[in-house]
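Trainee: pasted the sequence and its predicted model underneath.
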Amino acid sequence: MTIIRKVLTLCSVFMTIGFAQEFVVTSDSSAAANSKQDSTVAAVTDSTEKQSVATNTTVQDAAKTDTVATDSAAPQKMRNKITYADYQEKVKRSAKKRSKTMHHGLSLVGATYNDKNYWHMDHDATWGTGMGLYYFYRRYFGNYFGIQGRLGTLYRYSRWTFDVDEQEHKLSTGEKYKLTHRVDRKYHNIAADMPLTGKLGYHIKGTTTFLYTGVTLGLTKPIYELVDTENSLYFSTNDKSLKDDLDLINKVENNPFPLQESHQTHRSFFMDDWETNSWIGLGIESRLVSFEIQMFAFGGATQNANHRYHNIGQGSPSWRMFLDFSIR
């Protein structure tokens with residue numbers, strides 16, 4: 001009985017020890033398994049995070065690449081540089097600007113005048129001329145009609161040489177001789193001139209050239225005038241003996257003829273001193289330079305002291321030529 005108890009007790013002890021070892025082994029295995037599972041989860045998580053970061057990095061790099069590509073595709077304007085498209089537009093604007101006719105400018109005029117009935121002289125001028133400087137403005141209405149107004153200062157000069165009187169006399173010795181009174185007169189005149197021209201013509205296609213015929217109406221206001229007059233008395237004869245005597249006197253430089261007297265007058269004009277004039281002309285215009293020639297047609301004056309020119313068909317005509325330089 002005692003032996004059986006001892007055997008049972010030993011068996012119980014061995015069973016208890018064996019159970020305890022199994023439990024420890026099982027617990028270690030579970031812990032190891034749990035530890036391995038945790039490591040796997042951590043590795044998977046870490047891999048996922050790295051993949052996510054790598055993906056985000058790739059996306060960002062791709063976005064940057066797209067941005068750089070977009071920036072590269074966009075036209076870049078550098079300092080003091082223009083694109084080809086802008087250059088072409090600039091060329092077109094310049095060509096359009098050059099194709100426009102300039103309307104403002106300066107006119108130079110040269111003229112040949114033929115006065116008549118100056119003051120109380122019923123004699124035609126021997127020679128006359130003039131020159132002037134004007135500002136002009138012109139405008140077109142369609143392709144066929146235009147107007148041009150000028151405002152400027154005009155200088156005029158004319159000269160007369162004519163015989164006033166001629167008388168025949170006889171010396172006490174019977175020789176006949178002739179005394180001739182000759183006048184040489186010239187004036188220098190300053191005036192304001194305001195011509196207005198109507199033009200009828202045609203613009204040549206593809207250019208700024210305008211061919212036209214024109215009618216000009218002018219208003220001239222004389223301002224100041226200086227007149228030089230020289231009177232001369234000439235002695236002449238057909239008698240041979242008297243000619244010989246005159247030759248002898250000329251050789252010793254004692255001949256008093258011609259007798260000469262000169263004087264000068266100057267005056268300013270009044271507000272009622274005006275001149276009117278009309279001209280017919282032909283011209284050609286371009287963008288920068290224009291040329292027109294005009295012939296005097298009709299005119300008048302408010303006072304005798306003002307200047308009158310031969311009307312068309314009377315004596316020698318008066319002419320003038322305009323040269324225009326466009327500045328705007």
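Mentor: That came through fine.

Trainee: and stretch 186-196, which residues are buried?
Mentor: 186-187, 189, 191, 193, 195 (16 or more other Cβ atoms under 10 Å). For the C-beta atoms, the positions are set from N, CA and C on the backbone; glycine is no exception.

Trainee: one more: stretch 225-242?
Mentor: 225, 227, 231-232, 235, 237, 239, 242.

Trainee: pull the contacting residues for Phe235.
Mentor: 177-179, 246, 257-258 (Cβ atoms under 8 Å, 6 or more residues apart in numbering).

Trainee: swap in 10 Å and give it another go.
Mentor: 169, 177-180, 242, 246, 255-259 (Cβ atoms under 10 Å, 6 or more residues apart in numbering).

Trainee: and for Phe162?
Mentor: Phe162 neighbours (Cβ under 10 Å, 6+ apart): 121-126, 181-185.

Trainee: before we move on, what about Met271?
Mentor: Counting by Cβ under 10 Å, 6+ apart, Met271 has contacts Lys221.

Trainee: now do the phi/psi pair for it.
Mentor: phi -70, psi -20 (degrees, to the nearest 10).

Trainee: how about Thr229?
Mentor: Residue torsions, per degrees, to the nearest 10, at Thr229 are phi -130, psi 130.

Trainee: cool, and Ile249?
Mentor: phi -70, psi -40.

Trainee: isn't Gly201 up against Leu211?
Mentor: Yes - Gly201 lies in contact with Leu211 (Cβ atoms under 10 Å); the separation is 5.0 Å.

Trainee: taking the buried residues of stretch 225-242 one by one, which sit in helices?
Mentor: If you go by DSSP state H, the buried residues of stretch 225-242 have Leu242 in helices.

Trainee: just the buried residues of stretch 225-242: which are in strands?
Mentor: Of the positions in those, 225, 227, 231-232, 235 sit in strands, assigned by DSSP state E.

Trainee: share the number of residues neighbouring Gly300, please.
Mentor: If you count neighbours by other Cβ atoms under 10 Å, Gly300 ends up with 13.

Trainee: who are the contact partners of the residue nearest to it when sequence neighbours are not counted?
Mentor: Closest residue to Gly300 apart from its sequence neighbours, by Cβ to Cβ, 6 or more residues apart in numbering: Thr276 at 5.1 Å. Neighbouring residues of Thr276 by Cβ under 10 Å, 6+ apart: 217-220, 298-302, 306.

Trainee: please report how far the nearest residue to Lys243 once chain neighbours are set aside lies from Thr208.
Mentor: In this structure, Lys243 finds its nearest non-sequential neighbour in Thr237, 6.2 Å apart by Cβ to Cβ, 6+ apart. Distance, Thr237 to Thr208, using Cβ to Cβ, to the nearest Å: 68 Å.

Trainee: how about Gly218?
Mentor: In terms of Cβ to Cβ, Gly218 sits 26 Å off from Thr208.

Trainee: between these two, which one's more packed in?
Mentor: More neighbours surround Gly218 than the other of Gly218 and Thr208, with 19 against 16 (other Cβ under 10 Å).

Trainee: confirm that the more buried one sits in a helix.
Mentor: No - under DSSP: H, G, I helix; E, B strand; the rest coil, Gly218 sits outside any helix and is assigned strand.

Trainee: correct me, but it touches Gly299?
Mentor: Yes - using Cβ under 10 Å, Gly218 is in contact with Gly299, at 8.1 Å.

Trainee: in the stretch 51-200 of the chain, where is pLDDT below threshold?
Mentor: 51-81, 87-101, 172 (pLDDT under 70).

Trainee: how about 90 then?
Mentor: Low-confidence segments of the stretch 51-200 of the chain (pLDDT under 90): 51-103, 115-126, 140, 142-143, 162-180, 182.

Trainee: all strands of it, in order?
Mentor: Ranges of strands in the stretch 51-200 of the chain, per DSSP state E, counting those that start in this stretch, are 104-112, 115-116, 127-141, 145-170, 176-203.

Trainee: most tightly surrounded among those?
Mentor: strand 115-116 (a mean of 19; mean count of other Cβ atoms under 10 Å).

Trainee: what packs against that one?
Mentor: strand 145-170, strand 308-309 (3 or more Cβ pairs under 10 Å, 6 or more residues apart in numbering; DSSP states H and E).
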